[in-house]
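*Asks:* pasting the structure only:
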């Protein structure tokens with residue numbers, strides 16, 4: 001986007017999750033605009049790979065979210081290293097608390113510009129609140145995703161996100177976890193698979209509520225209740241974008257009813273608390289789930305990066321007696337020799353079981369034995385002819 005507006009400028013990007021060598025090499029070549037997350041930028045400054053002493057223009061994006069995540073001390077240390085008389089631009093959904101203090105301390109005679117409504121409009125989506133028992137959450141989530149997808153499911157912790165992704169997989173839902181605790185290659189693959197339609201559900205922590213932008217998300221599931229109304233708004237804002245509809249499902253445990261009623265009043269909702277009904281979600285969804293939604297990165301502070309190669313075909317699925325697509329995952333370690341190859345080929349979507357990890361990874365086997373035989377037979381026929 002910057003290259004589209006800025007023209008022929010040298011742009012560098014530095015964030016965690018990747019090695020330092022490539023980023024340092026780009027910095028040594030020189031950059032006009034540097035996009036960075038605070039932690040990695042401080043690391044590079046400590047390595048004397050970059051200096052901010054001549055920086056006279058600073059843009060701080062998603063300042064309110066950075067404040068919520070505890071990045072403000074690092075942001076202040078970075079601002080103190082720039083030119084005192086600089087131009088400081090601050091983009092934020094809210095200007096209260098730490099953000100207001102940052103404005104007071106680091107901006108002189110600031111001019112405030114407001115774009116759009118004071119609070120995001122979330123009325124374009126259908127909001128449902130389901131009363132459930134804690135033990136039923138994984139199964140109900142699987143039913144909700146199966147009814148309306150692609151879906152983003154929000155959890156509060158990294159551990160819960162990983163666990164839920166595994167539980168959804170066992171229930172026949174293609175799911176991937178995405179959060180700051182996973183390697184960059186894992187995050188890239190998860191986002192690319194979600195963008196290409198190979199993954200039905202992206203299980204994310206709150207950091208992804210603003211970190212990524214995904215077109216065509218049909219539903220959002222609040223697996224764990226948001227900590228406040230602002231988090232609810234930003235989570236829910238992942239669907240019903242660009243004039244399209246969407247569904248937002250909140251799983252409500254008995255002790256959370258009072259807090260979620262107060263949350264509804266804060267954001268202007270007045271929805272009843274009902275029993276789970278997957279068929280009702282299908283009726284609320286205005287259009288069938290897209291097979292190839294486009295995904296892009298909105299912010300780099302969490303180190304998420306969308307792959308450009310998102311044109312891979314969706315995996316084949318088989319139907320059980322109820323007509324529901326199942327994952328077909330092979331959960332045992334493949335046997336040696338020919339059986340190992342057959343087990344890998346039989347698995348849906350070309351995935352194989354990792355020997356030392358409890359996750360699935362795409363198999364590198366691209367040709368099956370029957371195809372090779374057919375190819376050899378064809379070659380022999382041509383030679384005979």
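*Replies:* Great, that's in hand. Please read all numbers here as calculations on a predicted model, not as lab measurements.
*Asks:* how about stretch 219-236: buried residues?
*Replies:* For stretch 219-236, the neighbour count (16 or more other CB atoms under 10 Å) marks 219-226, 229-236 as buried. For glycine as for every other residue, the C-beta is placed from the backbone atoms N, C-alpha and C.
*Asks:* list the contacts for residue 162?
*Replies:* Counting by CB atoms under 8 Å, 6 or more residues apart in numbering, residue 162 makes contact with 177, 203.
*Asks:* secondary structure element for it?
*Replies:* Using DSSP states H and E, residue 162 maps to helix 158-170.
*Asks:* any idea which helix or strand comes after that helix?
*Replies:* strand 175-178.
*Asks:* what's the average pLDDT for that next one?
*Replies:* Averaged over strand 175-178, pLDDT sits at 94.
*Asks:* which strands and helices sit next to it?
*Replies:* Other helices and strands packing on strand 175-178, by 3 or more CB pairs under 8 Å, 6 or more residues apart in numbering; DSSP states H and E, are helix 158-170, helix 184-196, strand 201-204.
*Asks:* for the stretch 101-250 of the chain, give me the ranges with low pLDDT.
*Replies:* 116-121, 208-212 (pLDDT under 70).
*Asks:* that older thread, now do the helix holding residue 162 against helix 184-196, angle only.
*Replies:* Per axes from the mean of the first three to the mean of the last three CA atoms, to 10 degrees, the angle that helix 158-170 makes with helix 184-196 is 50 degrees.
*Asks:* sort out which residues of helix 158-170 are buried, please.
*Replies:* For helix 158-170, burial by neighbour count (16+ other CB under 10 Å) applies to 158, 160-162, 164-169.
*Asks:* can you redo those as JSON lines with distance to residue 23?
*Replies:* Below are the buried residues of helix 158-170 laid out as JSON lines (distance: CB to CB, whole Å):
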{"residue": "158", "distance to residue 23": "24"}
{"residue": "160", "distance to residue 23": "31"}
{"residue": "161", "distance to residue 23": "27"}
{"residue": "162", "distance to residue 23": "27"}
{"residue": "164", "distance to residue 23": "33"}
{"residue": "165", "distance to residue 23": "29"}
{"residue": "166", "distance to residue 23": "33"}
{"residue": "167", "distance to residue 23": "36"}
{"residue": "168", "distance to residue 23": "34"}
{"residue": "169", "distance to residue 23": "34"}
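*Asks:* farthest pair in those?
*Replies:* 158 and 169 (17.0 Å; CB to CB).
*Asks:* walk me through the domains of the chain.
*Replies:* 2-106, 126-297, 332-384 (automatic domain parsing).
*Asks:* what's the first-to-last distance across the first one?
*Replies:* Just to be clear, that refers to domain 2-106. 25 Å (CA to CA, to the nearest Å).
*Asks:* quick one: that domain to chain centroid distance?
*Replies:* In terms of CA atoms, centre = their mean, to the nearest Å, the centre of domain 2-106 is set 22 Å apart from its chain centre.
*Asks:* and the second one, by the same measure?
*Replies:* What separates the centre of domain 126-297 from the centre of its chain is 11 Å, taken as CA atoms, centre = their mean.
*Asks:* now stretch 83-100: average pLDDT?
*Replies:* 83.
*Asks:* give me the contacts around it.
*Replies:* 53-65, 67, 72, 79, 102-103, 106-107, 110, 112, 120, 230, 234.
*Asks:* which of these fall within strands?
*Replies:* Residues of those located in strands (DSSP state E): 57-60.
*Asks:* let me have those in CSV, extended by distance to residue 98 and neighbour count.
*Replies:* Converted to CSV, those look like this (distance: CB to CB, whole Å; neighbours: other CB atoms under 10 Å):
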residue, distance to residue 98, neighbour count
57, 22, 11
58, 17, 17
59, 18, 11
60, 12, 19
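*Asks:* between those residues, which is closest to residue 195?
*Replies:* Once CB to CB is applied, the member of the ones in strands among the contacts of stretch 83-100 that ends up nearest residue 195 is residue 59, at 26.8 Å.
*Asks:* helix/strand/coil for the residue nearest to the closest one when sequence neighbours are not counted?
*Replies:* In space, and not counting its chain neighbours, residue 59 is closest to residue 89: 4.7 Å by CB to CB, 6 or more residues apart in numbering. At residue 89 the chain is in strand, as set by DSSP: H, G, I helix; E, B strand; the rest coil.
*Asks:* next: residue 35.
*Replies:* Residue 35 ends up strand, using three-state DSSP.
*Asks:* so how far is residue 3 from the spatially closest residue to it that is not a sequence neighbour?
*Replies:* Closest residue to residue 35 apart from its sequence neighbours, by CB to CB, 6+ apart: residue 13 at 4.8 Å. In this structure, residue 13 and residue 3 are 12 Å apart, going by CB to CB, to the nearest Å.
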